[in-house]
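> return a 3D structure for these sequence lines:
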Amino acid sequence: MKINFSILTFFSVLVFTLGIVSCEKEIDVELENTKPKLVVEGVIETGQYAYVSLSKSSPYFATIDTN
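Model prediction:
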């Protein structure tokens with residue numbers, strides 16, 4: 001029984017390792033620069049004031065400045 005468990009463990013580790021290693025592929029995605037759009041976000045809850053936030057969209061890879 002111990003031999004079968006060792007073989008099963010070996011093949012499981014081998015298949016897992018090959019699955020992880022073989023799934024690497026670098027993909028370069030070129031995103032277009034678009035004009036910023038107005039973003040409206042609102043929340044309405046019972047017993048609370050309505051909350052509306054206005055902001056502009058930003059490019060996906062842009063750095064975020066919290067100031």
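> who's in contact with the spatially most central residue of the chain?
Centroid-nearest residue in the chain: residue 60, 12.2 Å away (criterion: C-alpha atoms, centre = their mean). Contacts of residue 60 were listed using C-beta atoms under 8 Å, 6 or more residues apart in numbering, and they are residue 31. The C-beta positions use only the backbone N, C-alpha and C, and glycine is treated the same way.
> pLDDT wise, what is it at?
Here the pLDDT value assigned to residue 60 is 78.
> ok so it is a strand residue?
No: counting by DSSP: H, G, I helix; E, B strand; the rest coil, residue 60 falls outside a strand, being coil.
> any idea how far it is from residue 19?
Distance, residue 60 to residue 19, using C-beta to C-beta, to the nearest Å: 29 Å.
> over to residue 62?
From residue 62 across to residue 19, the span is 35 Å (C-beta to C-beta).
> all strands for this structure, in order.
Per DSSP state E, the chain carries strands over the ranges 38-43, 51-56.
> make TSV out of these and add mean neighbour count and distance to residue 15.
Below are the strands of the chain laid out as TSV (neighbours: other C-beta atoms under 10 Å; distance: least, C-beta to C-beta, whole Å):
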stretch	mean neighbour count	distance to residue 15
strand 38-43	9	45
strand 51-56	10	47
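> appreciated, that's everything.
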